[in-house]
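Enquirer: Whatever this is, show me its structure:
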Amino acid sequence: MFGPPGHAYLFLLYGRSWAINLVTGGENQPHAVLIRALEPVRGIDLMARRRGKPPASRELCNGPGKLTQALAIDGRDYGRDLCGDELYLETGWHGKIARSARINVGYAGAWADKPWRFYEAGNRWVSVPPRT
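Expert: Model prediction:
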């Protein structure tokens, strides 16, 4: 997380599933964004096989561990340049950005209520529906 911006920071969730973060701060600044979900648009059959789910399942990539399993992301991707050719983010945004309180961080006290969760409003692939 203290690495250069645009690189992957991975960690294990509960010792069994990987989660991927996009480092956003400068060197030695611990700023990153957890990638919680994605909308699958290609490679769906391969994702479905990796997840053991039907290709139309909403559960292919709707959580940080599900996403990394579907994309075969693991600890070997730690520090990978997300602006490279192997693992990268694409443009193509077409929705409305919404925000909500963070989820699954009750241990963070008052910080858990910060509206630091961003997602595409109305997208069926969002990991967990926003709290109201």
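
Enquirer: which residues in the protein form helices?
Expert: Taking DSSP state H to define them, one finds helices in the chain at 44-51, 64-71.

Enquirer: Okay, and the beta partners of the residue nearest to residue 35 when sequence neighbours are not counted?
Expert: Spatially, and ignoring its direct neighbours in sequence, residue 35 is nearest to residue 20 (5.1 Å; Cβ to Cβ, 6 or more residues apart in numbering). From N, CA and C alone the C-beta is placed, and that goes for glycine too. For residue 20, the beta-bridge partners under DSSP bridges are residue 10.

Enquirer: if we can go back for a sec, please tabulate the helices of the chain in CSV, including the columns mean neighbour count and mean pLDDT.
Expert: Rendered in CSV, the data for the helices of the chain read as follows (neighbours: other Cβ atoms under 10 Å; pLDDT from 0 to 100):
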stretch, mean neighbour count, mean pLDDT
helix 44-51, 15, 98
helix 64-71, 22, 96
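
Enquirer: quick one, which of those helices is nearest to residue 97?
Expert: Using Cβ to Cβ as the measure, helix 64-71 is the one of these that comes nearest residue 97, at 18.8 Å.

Enquirer: separation between the residue nearest to residue 35 and residue 32?
Expert: Note on residue 20: its distance to residue 32, by Cβ to Cβ, to the nearest Å, is 9 Å.

Enquirer: Which neighbours do these two have in common?
Expert: By the contact definition Cβ atoms under 8 Å, 6 or more residues apart in numbering, residue 20 and residue 32 are jointly contacted by residue 9.

Enquirer: who has more neighbours, these two?
Expert: When residue 20 is set against residue 32 and neighbours are counted by other Cβ atoms under 10 Å, the residue ahead is residue 20, at 25 against 19.
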